[in-house]
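Q: below are the sequence and a predicted model for it; my questions follow.
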Amino acid sequence: MILRELRKKVGSAKGLWVEEILGILWGCHCTPQSTTGETPFRLTYEADAMIQVEVGEASWRRENFGEEHNSDNLRVDLDLLHEIREDAW
């Protein structure tokens, strides 16, 4: 998948592949894989990543973020992490 995306993007960039490679790699790390159903980023860092487009725009998650509930939600995610990894395995 990475090679296919690289060829497609680099072919249209014509020598500007250095600027394109970080975005391509980020997209690959944040795209759920067909075999596990999870993103490589989530399996590695135990959290969902924000895609670059979300950073520049107001997303639902940013708009409705509540610091008081964040630690509770993180604990719930940690409790479910073992099950997520087992499902992926």
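A: The structure has been received and is ready for your questions.
Q: check which element follows the worst-scoring helix or strand of the chain on mean pLDDT along the chain.
A: Least confident helix or strand of the chain, by mean pLDDT, DSSP states H and E, is helix 52-56 with a mean of 56. Downstream of helix 52-56, the next assigned helix or strand under DSSP states H and E is helix 60-63.
Q: quick check: what element follows that next one along the chain?
A: helix 67-88.
Q: other SSEs contacting that following helix?
A: Applying 3 or more CB pairs under 8 Å, 6 or more residues apart in numbering; DSSP states H and E, we find helix 67-88 packed against helix 40-45. All C-beta spots, glycine's among them, are computed from the backbone N, C-alpha and C.
Q: and the helix it packs on, what's buried?
A: Going by neighbour count (16 or more other CB atoms under 10 Å), the buried part of helix 40-45 is 41, 42.
Q: quick one, phi/psi of the residue positioned nearest the centre of the chain?
A: Nearest to the geometric centre of the chain sits residue 30, at 2.6 Å (CA atoms, centre = their mean). Main-chain torsions, residue 30, degrees, to the nearest 10: phi -110, psi 0.
Q: measure it to residue 47 for me?
A: Distance of residue 30 to residue 47, computed by CB to CB, to the nearest Å: 12 Å.
Q: try residue 35
A: Applying CB to CB to residue 35 and residue 47 gives a distance of 21 Å.
Q: again, but for residue 41
A: Residue 41 sits 8 Å away from residue 47, going by CB to CB.
Q: cool, and residue 65?
A: As defined by CB to CB, residue 65 lies at a distance of 14 Å from residue 47.
Q: where does residue 5 land on pLDDT?
A: For residue 5, the model assigns a pLDDT of 63.
Q: what's the answer for residue 57, then?
A: For residue 57, the pLDDT comes out at 65.
Q: cool, the one 10 residues further on as well?
A: Per-residue pLDDT puts residue 67 at 80.
Q: repeat for the one 10 residues further on
A: Model confidence at residue 77, expressed as pLDDT, equals 84.
Q: count of neighbours near it?
A: For residue 77, the number of neighbouring residues by other CB atoms under 10 Å comes to 14.
Q: pretty sure it contacts residue 47?
A: Yes. Shown here, residue 77 and residue 47 form a contact pair, counting by CB atoms under 8 Å, at 7.1 Å.
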